[in-house]
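Peer 1: okay, sequence plus prediction incoming.
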There are 2 protein chains.
Amino acid sequence: MRDCACWRFIIFIMHSEIIAVGSELLSFGRIDTNSVDISSRLAGIGISVRYKQVIGDRIADMSQAISLAMDRSEIIFITGGLGPTNDDITREAVADALSMELKEDEQVVLELERLYRKWGRRMSENNRRQAMVPEGALVLPNLNGTAPGLFLHEGEKLIFVLPGPPRELNPMMKNQVIPLIKKNKRVSDRPFRLLKIASVSESALDARIEGIYKDYPDVDTTMLSSPGVISLYFTWRADNGDQVHAKACLDQLIGRIDAELGISVLTDREEDMQDTVGRLLNEKGLTLALAESCTGGLICKMLTDVPGSSEYFMGGVVSYSDTVKENVLGVSSSDLKEYGAVSAKVAEQMALGVREHLNADIGLSVTGIAGPGGGTDEKPVGTVFIGLSGAGTCQSWSVRALGGRGIVRQRSANQALDQLRKWLLTGG
Amino acid sequence: MRDCACWRFIIFIMHSEIIAVGSELLSFGRIDTNSVDISSRLAGIGISVRYKQVIGDRIADMSQAISLAMDRSEIIFITGGLGPTNDDITREAVADALSMELKEDEQVVLELERLYRKWGRRMSENNRRQAMVPEGALVLPNLNGTAPGLFLHEGEKLIFVLPGPPRELNPMMKNQVIPLIKKNKRVSDRPFRLLKIASVSESALDARIEGIYKDYPDVDTTMLSSPGVISLYFTWRADNGDQVHAKACLDQLIGRIDAELGISVLTDREEDMQDTVGRLLNEKGLTLALAESCTGGLICKMLTDVPGSSEYFMGGVVSYSDTVKENVLGVSSSDLKEYGAVSAKVAEQMALGVREHLNADIGLSVTGIAGPGGGTDEKPVGTVFIGLSGAGTCQSWSVRALGGRGIVRQRSANQALDQLRKWLLTGG
């Protein structure tokens, strides 16, 4: 392996800090998820988040937090507290910490007035607060909300003030903040790869691939699990700057894991199970209908999260009651009595029924016990059956999902879609 | 209003701080959820969390964070970084920041050895790291894992060092930490009320009730909005300790807001729209069926998030394609052509169709344009129609939902359930 010490002088190791603002983040169970978006986008250009502070809506506390961040971090992200109400005091705190004046920005006022006219609403006076801008700050237009972001360049420090709602922050981060960082700091793309693995447990996965990723000491491997899907992140360490070598190493690592795990590898893209399945259905020109019992509409909801899903998704029946299973999906009432609603037999009939009723190429079904009630010794909470009906085939799988009601439902949904995925990949 | 100044000397205003430790919390999308558990338990005894820091696995950074917390907070919670591996350095950082020696605790070693014997595993040498305890610290036994917690009483400050996994932290917080705080600090229950408001915008709501809550300077009012529902939290300030007076003030405030907002008040409980609607259906002994187009199963999923929803929820049809609207729900094909799938006429027929098809008392439907594609000048993205069919009635409402695809869907779902709620409350 080549000696990369020389690169250490060229690649500047840059640390950043996030200050998430809002009393609701310190109480009342609201969790800051913006940091996830910020840190993943920064990782893509080799910048790591070293500190995060969460601060309530008090100017003094925020001002202290900003001063601390100015002392120790090169790039600072302040999120939240930019709305129109009196407890949105981020603008004031930034101006206070950096000893700047706040002034009303005429352009922002005009843009706010334009937005309210477009919505056919009157702009109330407190909305003008959103047009207050610290002197010297660059206004970052908000295409998905009212409060604009702000960018300040203080000496060597970059300070970004961003709106709290993720739908406003995410595009601003991608389209405005990252380009501004690239323009103002020497940053390089940091090689990075991702693999998502379906229907394998974290410990089983680690046992299978530990021997592989340990062969690559220059790669940071991080495993993040959600019910039914595990994401593996492979990042080249930032202080070793040979991009060609780094990419080759990552490709080799990914290739070996791919070979070991085979069909369990869901995707190497930043996408969810429903995106992968949707892409496969589109490629094959097949349509899908869903019959859901314990998942209660969750799989339909996941599929229709994807814009354009109407190309392959016909619809579904949420057969929460047995009468709907019988009358709408045509499940045999004697089978319901003999085997119970949670059984392979009923899962298969639900899949067949919904395929015929909605005139789709494939019918997929889930029936199970999500809990907390309804479990028995023979069929405990977490017992789930998945049915699949296609041209000339009808099959079912039994799954045992551990966890609370929400986890069981999410895991069942992902596993049902994963069975469909595997079936499509193996010639379905 | 009585003069409460005297109480200020009796009730100590206590602020606490959380330091969440772990590099994974600063990158790769792992979110700290322990703070939610800690802050909600503390709220119950009148202690608020004023600051939160998230720190990676570096002794110097953690030591700095602990020193800062010691300067400004009375009670400090440090979570995570107590495991057996080399990057679990919380013990070292605490000892470093407080200038204490770490010593191996014989009792903890014995307990670890007992656990490993019980599991039939050999205890590896690195597990002994978990037995290192700062001098003078009280060991908090961990009944759900290996790493014990630690409690230090430094002058007036209380410092709790707690394991990161929620299943280990939560019971330790409840059974050991809260009793230790009660024993060492004067704490009292802090009055608190909640109101959730449906289908009103944040700025419109603020304009209507600002004049009311501003009459209560001793109450902290926090507004949290999600698409379609706004939560109002009213908390008595901790430094005014007359419980009877505080509760009376809160009751009066809630009563006035209730009178102003009327039927827009969804609930005063910690529950979601689907819980409220479920409770109403249960009380009236009515069953519900859903026909969903643009929401694609989301409303069914929300309704079945509630355990026991099978009492009143029959199921639903996700009619994502027009053929399903026609063939399954019986929507007139000429109306589909004439008015379009997104129209009041079709919404009403969907509601009627699903009510009859699933044999329910009430049919509720949503059809709209969730975006990003599909909008026209006449019917832009966010145009949504809600239909409702009950015995002898069929009505529809038109709604304009702003935001991205996910927001439009969530807002439409909450507004549809809210129309049903209002209909049920006004004699439906």
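Peer 2: The structure has been received and is ready for your questions.
Peer 1: need the pLDDT of A:Gly315.
Peer 2: Each residue has a pLDDT score; the one for A:Gly315 is 98.
Peer 1: may I have the beta-bridge partners of the closest residue to A:Ser73 other than its chain neighbours?
Peer 2: Sequence neighbours aside, A:Glu17 is the residue nearest to A:Ser73 in space, at 3.7 Å (criterion: C-beta to C-beta, 6 or more residues apart in numbering or on different chains). (C-beta placed from N, C-alpha, C; glycine too.) With DSSP bridges as the criterion, A:Glu17 is bridged to A:Tyr51, A:Ile76.
Peer 1: what of A:Leu158?
Peer 2: A:Ile75, A:His153.
Peer 1: any idea which element the residue lying farthest from the centre of chain A lies in?
Peer 2: Outermost residue of chain A with respect to the C-alpha centroid, by C-alpha atoms, centre = their mean, is A:Ser334; its distance is 43.2 Å. Using DSSP states H and E, A:Ser334 sits within helix A:333-339.
Peer 1: what's the answer for A:Ala248, then?
Peer 2: A:Ala248 belongs to helix A:243-261 when assigned by DSSP H and E.
Peer 1: got it, and A:Lys196?
Peer 2: With the criterion set as DSSP H and E, the secondary-structure element containing A:Lys196 is strand A:192-198.
Peer 1: and the contacts of that strand?
Peer 2: For strand A:192-198, the external contacting residues (C-beta atoms under 8 Å, 6 or more residues apart in numbering or on different chains) are A:43-44, A:205, A:228-236, A:250-251, A:253-254, A:257-258, A:261, A:264-271, A:273, A:414-415, A:418, A:421.
Peer 1: any quick PyMOL command for the buried ones out of these?
Peer 2: Buried subset of the contacts of strand A:192-198, written as a PyMOL selection, criterion 16 or more other C-beta atoms under 10 Å in any protein chain shown:
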select buried, chain A and resi 43+44+205+228+229+230+231+232+233+234+235+236+250+253+254+257+261+264+265+266+267+273+414+415+418+421
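Peer 1: hang on, the earlier thing: the following helix or strand past the strand holding A:Lys196 vs strand A:192-198, what angle?
Peer 2: For strand A:192-198, the succeeding helix or strand toward the C-terminus, using DSSP H and E, is helix A:202-213. Calculated by axes from the mean of the first three to the mean of the last three C-alpha atoms, to 10 degrees, helix A:202-213 forms an angle of 140 degrees with strand A:192-198.
Peer 1: thinking again about what came up before, who does the strand holding A:Lys196 pair with, and is each partner parallel or antiparallel?
Peer 2: Every partner of strand A:192-198, by DSSP bridges, with its direction: strand A:229-236 (antiparallel), strand A:265-267 (antiparallel).
Peer 1: list the buried ones in that strand?
Peer 2: For strand A:192-198, a neighbour-count test (16+ other C-beta under 10 Å) marks A:192-193, A:195-198 as buried.
Peer 1: which one among those residues gets closest to B:Ser319?
Peer 2: A:Ala198 (28.8 Å; C-beta to C-beta).
Peer 1: tell me how far the closest one lies from chain B.
Peer 2: Per C-beta to the nearest C-beta, to the nearest Å, A:Ala198 is found 18 Å from chain B.
Peer 1: go on, A:Pro84?
Peer 2: When distances are taken as C-beta to the nearest C-beta, A:Pro84 and chain B turn out to be 6 Å apart.
Peer 1: you'd agree that residue is up against A:Glu125?
Peer 2: No - in terms of C-beta atoms under 8 Å, A:Pro84 does not count as a neighbour of A:Glu125; the distance is 9.3 Å.
Peer 1: including mean pLDDT, could the strands paired with strand A:192-198 go into CSV?
Peer 2: Putting the strands paired with strand A:192-198 into CSV (pLDDT from 0 to 100) gives the following:
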stretch, mean pLDDT
strand A:229-236, 87
strand A:265-267, 97
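Peer 1: which one of the ones you listed lies nearest to B:Arg186?
Peer 2: Comparing the strands paired with strand A:192-198 by their distance to B:Arg186 (C-beta to C-beta), the top pick is strand A:229-236, with 46.7 Å.
Peer 1: can you give me the angle that closest one makes with helix A:243-261?
Peer 2: For strand A:229-236 against helix A:243-261, the angle between stretch directions is 150 degrees (the same axes, to 10 degrees).
Peer 1: A:Ser225: neighbour count?
Peer 2: Burial of A:Ser225, expressed as a neighbour count using other C-beta atoms under 10 Å in any protein chain shown, amounts to 14.
Peer 1: so what does it look like in phi/psi?
Peer 2: Geometry field for A:Ser225 lists phi and psi as phi -110, psi 140, criterion degrees, to the nearest 10.
Peer 1: report the contact partners of it.
Peer 2: With the criterion set at C-beta under 8 Å, 6+ apart, A:Ser225 makes contact with A:202, A:231.
Peer 1: tell me how far the helix holding A:Ala248 lies from the chain's centre.
Peer 2: Counting by C-alpha atoms, centre = their mean, to the nearest Å, helix A:243-261 is centred 24 Å from the centre of its parent chain.
Peer 1: show me the contact partners of that helix.
Peer 2: Contact with helix A:243-261 is made by A:1-2, A:188-189, A:191-193, A:195, A:197, A:200, A:205, A:208-209, A:212-213, A:215-216, A:218-219, A:232, A:234, A:236, A:240, A:265, A:268, as judged by C-beta under 8 Å, 6+ apart.
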